[in-house]
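Colleague: test case, fold it:
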Amino acid sequence: MEINGVFEGGGVKGIALAGGVSAAMKRGYTFHQVAGTSSGSIVAALLAAGYTGDEMKDLIIRMPFKSFLKRSPIYNAKVIGPAVRLLIKKGMYSGEALEQWIYGHLLAKGIRTFGDLRPNQLRIIASDITQGKLLVLPDDIAQYGIDPSRFSVAKAVRMSTSIPYFFDPVMIRQKIKSSANAEPFAKQFYYIVDGGLLSNFPLWVFDRDADTQRIPVIGFQLVGKSDQQMHRIHGPFSMLEALFGTMLDAHDERYIEQHNRFRTVKIPTLGVKNIQFDLSKDTSIDLFNSGYQATDQYFHKWTMATYEQNYEKYVLRRHKDQHG
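Modeller: Numbering: from 1, shown residues only. Predicted coordinates for the structure are as follows:
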């Protein structure tokens, strides 16, 4: 049976989403269309490219998280180095290593651009902080004069995973119509960052599609993110981490609880933090197994008839109330 999958962002905890994919596939479900934010965009992109949940498990367990934390040696001087880089580059680390990692694995399946996929097969959420608006890629990239079908999937993933202040934002230069009226060079760019800033769990992305009722939408959400753990603030960088982590943990939660429990797989994340880049192999496997077990239990009780009833009750009725 076909389903549309939506994957929440959650940093290194994304391997739990791969466990969810694996369980769904082993129960006979196939993914028609997928969407994701941040680490959820990595899983969605790999899934759209043709990777199975078990293949993703191997890739992500071997994912060199620490190698993604790259910056020039000149910025490694204690305290002042990262601060200077943050001032100049707008991030403590480059996101290029992650982009190249995902590019290589997509290329292995013959995927470079969104044009290599079926129309609407993959949607990735990012945030334009220059204009203060949410982007659904690839379609919204057309606003910047870029052909969506020729836009790099790996670049979209990098945009969606660019945690503010932690990784460099992706910059898109504005089209200059007249040199006489051009802005100063430094102001000629749009800054694109992590989609979690505006929607970390975009269940809504398929609700405008005509086939939403025919093909059910199932969201994979990472829960237990705070686990009553306090953020330890011991400097400006740990404060930025705490601010963004708090925002991700709270974002979309009320919306999900009130209207979308019936179509959400809740995956316990075992107290792992978003940017815990020193994750051990054992913990990675535990996260994968957590995603597998939660999804297997969800689909054990799931039926299309119940889904349709709840969709009518909670989604269509709410849409009618909002739009008249």
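Colleague: what's around the nearest residue to residue 113 once chain neighbours are set aside, how many residues?
Modeller: Using C-beta to C-beta, 6 or more residues apart in numbering and skipping the chain neighbours, the partner closest in space to residue 113 is residue 150 (5.3 Å). Placement of C-beta: from N, CA and C, glycine included. Number of residues near residue 150 (other C-beta atoms under 10 Å) recorded here: 12.
Colleague: list the contacts for residue 150?
Modeller: 113-115 (C-beta atoms under 8 Å, 6 or more residues apart in numbering).
Colleague: what would those look like in CSV with neighbour count?
Modeller: CSV is the format used below for the contacts of residue 150 (neighbours: other C-beta atoms under 10 Å):
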residue, neighbour count
113, 18
114, 26
115, 14
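Colleague: looking at the residues you listed, spot the one nearest residue 311.
Modeller: When the contacts of residue 150 are compared for distance to residue 311 (C-beta to C-beta), residue 114 comes out closest, at 27.8 Å.
Colleague: and residue 39, what are its phi and psi?
Modeller: phi -60, psi -30 (degrees, to the nearest 10).
Colleague: list the contacts for it?
Modeller: By C-beta under 8 Å, 6+ apart, the neighbours of residue 39 are 7, 9-14, 17, 161.
Colleague: let's see 7 Å
Modeller: 9-11, 13-14, 161 (C-beta atoms under 7 Å, 6 or more residues apart in numbering).
Colleague: how many residues are close by the closest residue to it other than its chain neighbours?
Modeller: Nearest non-adjacent residue to residue 39, counting by C-beta to C-beta, 6+ apart: residue 14, 3.2 Å away. Neighbourhood size, residue 14 [other C-beta under 10 Å]: 28.
Colleague: doesn't residue 45 make contact with residue 14?
Modeller: No. Using C-beta atoms under 7 Å as the test, residue 14 is too far from residue 45 to be in contact (11.2 Å).
Colleague: circling back: buried only: go through the contacts of residue 39 for me.
Modeller: Using 16 or more other C-beta atoms under 10 Å as the burial test, the contacts of residue 39 include 9-11, 13-14, 161 as buried.
Colleague: JSON lines please, covering these and showing distance to residue 306, secondary structure and pLDDT.
Modeller: Putting the buried ones among the contacts of residue 39 into JSON lines (distance: C-beta to C-beta, whole Å; DSSP: H, G, I helix; E, B strand; the rest coil; pLDDT from 0 to 100) gives the following:
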{"residue": "9", "distance to residue 306": "28", "secondary structure": "coil", "pLDDT": "90"}
{"residue": "10", "distance to residue 306": "27", "secondary structure": "coil", "pLDDT": "85"}
{"residue": "11", "distance to residue 306": "33", "secondary structure": "helix", "pLDDT": "82"}
{"residue": "13", "distance to residue 306": "28", "secondary structure": "helix", "pLDDT": "89"}
{"residue": "14", "distance to residue 306": "28", "secondary structure": "helix", "pLDDT": "89"}
{"residue": "161", "distance to residue 306": "34", "secondary structure": "coil", "pLDDT": "91"}
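Colleague: now for those residues, which pair is the farthest apart?
Modeller: Spatially, the most separated pair among the buried ones among the contacts of residue 39 is 13 and 161, at 12.8 Å (C-beta to C-beta).
Colleague: okay, and the helix or strand of the chain with the least pLDDT?
Modeller: Lowest mean confidence among the helices and strands of the chain (mean pLDDT, DSSP states H and E): helix 80-89, at a mean of 54.
Colleague: return the set of buried residues in stretch 289-304.
Modeller: Going by neighbour count (16+ other C-beta under 10 Å), the buried part of stretch 289-304 is 289-292, 294-296, 298-299, 302.
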